[in-house]
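K.L.:
Predicted structure and sequence below. I'll ask about it afterward.
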Amino acid sequence: MENTYLTTEELSKRIKYDARTIRERLKDSVLLEGIHYIRPFGGRKILYVWEAIQKDIGKASTSSYSIPMARGGLAHG
């Protein structure tokens, strides 16, 4: 399986979120390192995995009574 890697700016254009919002609000709360993004070669640069984001982007909107958890599960309540 081949992945498509995107910079923050490229992801911003695809999902219609400001790049700053992705960096400050989505990264590490909704977008998780190792699943939705990587740091190639152990550096500072972040590349987002488009296929993982595309797969998970609609999950939270399927149920209005669930809270997404860090490891991908949902808390219902």
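P.N.:
Structure received.

K.L.:
count of residues packed around the nearest residue to Lys27 once chain neighbours are set aside?
P.N.:
In space, and not counting its chain neighbours, Lys27 is closest to Tyr37: 7.0 Å by C-beta to C-beta, 6 or more residues apart in numbering. In this view, the C-beta of every residue, glycine as well, is placed from N, C-alpha and C. In terms of burial, Tyr37 registers 22 neighbours under the definition other C-beta atoms under 10 Å.

K.L.:
Tell me the spacing between Tyr37 and His76.
P.N.:
When C-beta to C-beta, to the nearest Å is the yardstick, Tyr37 and His76 sit 27 Å from each other.

K.L.:
ranges for the helices of this protein?
P.N.:
The residue ranges that make up the helices of the chain, judged by DSSP state H, are 8-15, 19-21, 50-56.

K.L.:
Which one of those helices lies nearest to Gly42?
P.N.:
With C-beta to C-beta as the criterion, Gly42 lies closest to helix 8-15 of the helices of the chain, at 18.3 Å.

K.L.:
what residue lies at the spatial centre of this protein?
P.N.:
Leu31 (2.9 Å; C-alpha atoms, centre = their mean).

K.L.:
Which strand residues bridge it?
P.N.:
Per DSSP bridges, residues listed as beta-bridge partners of Leu31: Lys27.
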